[in-house]
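S.K.: Have a look at this fold, sequence not included:
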């Protein structure tokens, strides 16, 4: 009598690990797994709920300033170094790892309007209300030495912003005009002016390093090329822009923070209409900064909150706020793409996680696999109504919640009025203007 016996080699099914985990054979044929999609939907729902449960973005606050924080700057080479300037003229250097102030400089009389670190990280520049540009060493002075700047330049008017070239010893300032300076000279090597009273912000393009962008008091955004003697283009909007930031990965794109509660992303080749209008803030937007990946940016607003936007999205994916945080004046995204830093009116600098539910520290292999798997599940089912509602829900302060509803009522009323006017007018006499074109007054070349 013959007996047939199934035999398997256990070496094919046992992993060579210290735990001797049994390998489970799986057949991925969809006909053999009829409940695979419902099972994954349940897992995606649980992953989305747990993400909201563990969303704790606030990490720390850096106390030490005696007046409102007016500007902050990242170090060019060190992730743990942050510089901040306040309205009483003090500049502080912070160690983010220890969350302590390591150095304090009495830099200016009056507001510190701008700080920028040299591209090599050995020194930094500050500008203030006392009409001076000062260059300081990054290293603290030795024992018994005075805290003195390396170089001081006295200007003719108040400087409102400063930025440094990414590869050369040149920097740019703005005030009554945009001026380009060589570090070795005490007078500007080039000045740009286009019939504007003053400029509030100026930034070098991090990719095409000869290009600059500035925001002016006549509601315009002006673009320059250092190789040209005159400005390139100017786009005039219905309200004033406070600052702009270039996309670090796509040289043509920049985003500006406007007084009309919105942010606008432009392609500098086609300035007649913005690429995207970013909504959600309920007060003037004061600052904006891109993530090093170029896929997202963070904005700071007068409505006491900061928001994180995907670069092509109309609405924000995240909003951060605390009870004690007042008007947020400045914001930066860390160079490792993990943290966001904000400075506000109540003398605090706050450190936030860029992804609210991200677990900090070293992840084991299994944890990393679980995180990646849950992320893919959430992307797969993100358009399902219940999962979408849970993922989008945020608790907002009552003031922001009420003002958001009021702004929506106002938008609906304007849209309804425009439709009624068009309905009762001669055909073609009231043209349809898209939302993106409504905010542009003119483009001057």
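M.R.: On my side now, so go ahead. What you see is a predicted model; the values in this text were computed from it and never measured.

S.K.: going forward, measure contacts between C-alpha atoms and count neighbours the same way
M.R.: Will do.

S.K.: roughly how far is stretch 286-303 from the heart of the chain?
M.R.: In this view, stretch 286-303 has its centroid 2 Å away from the chain centroid, taken as Cα atoms, centre = their mean, to the nearest Å.

S.K.: Sorry, slip of the keys, the one I care about is stretch 302-316.
M.R.: For stretch 302-316, the distance between its averaged C-alpha position and the chain's averaged C-alpha position is 9 Å (Cα atoms, centre = their mean).

S.K.: again, but for stretch 246-253
M.R.: Between the centre of stretch 246-253 and the centre of its host chain there is 13 Å, according to Cα atoms, centre = their mean.

S.K.: what mean pLDDT would you report for that stretch?
M.R.: Looking at stretch 246-253 alone, the average pLDDT works out to 94.

S.K.: burial count for residue 225?
M.R.: As a burial measure, the neighbour count of residue 225 was computed by other Cα atoms under 10 Å and equals 17.

S.K.: Can you name the residues that contact it?
M.R.: Residues touching residue 225, when contacts are defined by Cα atoms under 8 Å, 6 or more residues apart in numbering, comprise 210-212, 231-232.

S.K.: Of these, keep whichever come out buried.
M.R.: Taking 16 or more other Cα atoms under 10 Å as the criterion, what is buried in the contacts of residue 225 is 211-212, 231-232.

S.K.: who's in contact with residue 221?
M.R.: Contact criterion Cα under 8 Å, 6+ apart gives 213-215, 234-236, 241 as the residues in contact with residue 221.

S.K.: hmm, back to that, turn the buried ones among the contacts of residue 225 into TSV, columns for pLDDT and distance to residue 107.
M.R.: Putting these into TSV (pLDDT from 0 to 100; distance: Cα to Cα, whole Å) gives the following:
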residue	pLDDT	distance to residue 107
211	93	29
212	93	27
231	88	32
232	90	35
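
S.K.: Can you flag which of those belong to helices?
M.R.: Of the positions in those, not one sits in helices, assigned by DSSP state H.

S.K.: Relative to residue 149, which of those residues is nearest.
M.R.: Within these, distances to residue 149 taken as Cα to Cα reach their minimum at residue 212, with 27.0 Å.

S.K.: partners of the closest one in the sheet?
M.R.: The residues paired with residue 212 through beta bridges, assigned by DSSP bridges, are residue 204, residue 224.

S.K.: roughly how far apart are it and residue 375?
M.R.: Relative to residue 375, residue 212 is positioned 38 Å away (criterion: Cα to Cα, to the nearest Å).

S.K.: ok, now residue 73?
M.R.: Separation of residue 73 from residue 375 (Cα to Cα) stands at 32 Å.

S.K.: mind listing the strands for the stretch 1-150 of the chain?
M.R.: 58-62, 69-74, 81-86, 90-95, 100-106, 112-117, 123-128, 132-137 (DSSP state E, counting those that start in this stretch).

S.K.: so can I have TSV of the ones you listed showing mean neighbour count, mean pLDDT and distance to residue 198?
M.R.: As requested, the strands of the stretch 1-150 of the chain are exported to TSV (neighbours: other Cα atoms under 10 Å; pLDDT from 0 to 100; distance: least, Cα to Cα, whole Å):
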stretch	mean neighbour count	mean pLDDT	distance to residue 198
strand 58-62	15	95	33
strand 69-74	24	95	19
strand 81-86	24	96	21
strand 90-95	20	95	24
strand 100-106	15	93	26
strand 112-117	25	95	14
strand 123-128	24	95	15
strand 132-137	20	94	17
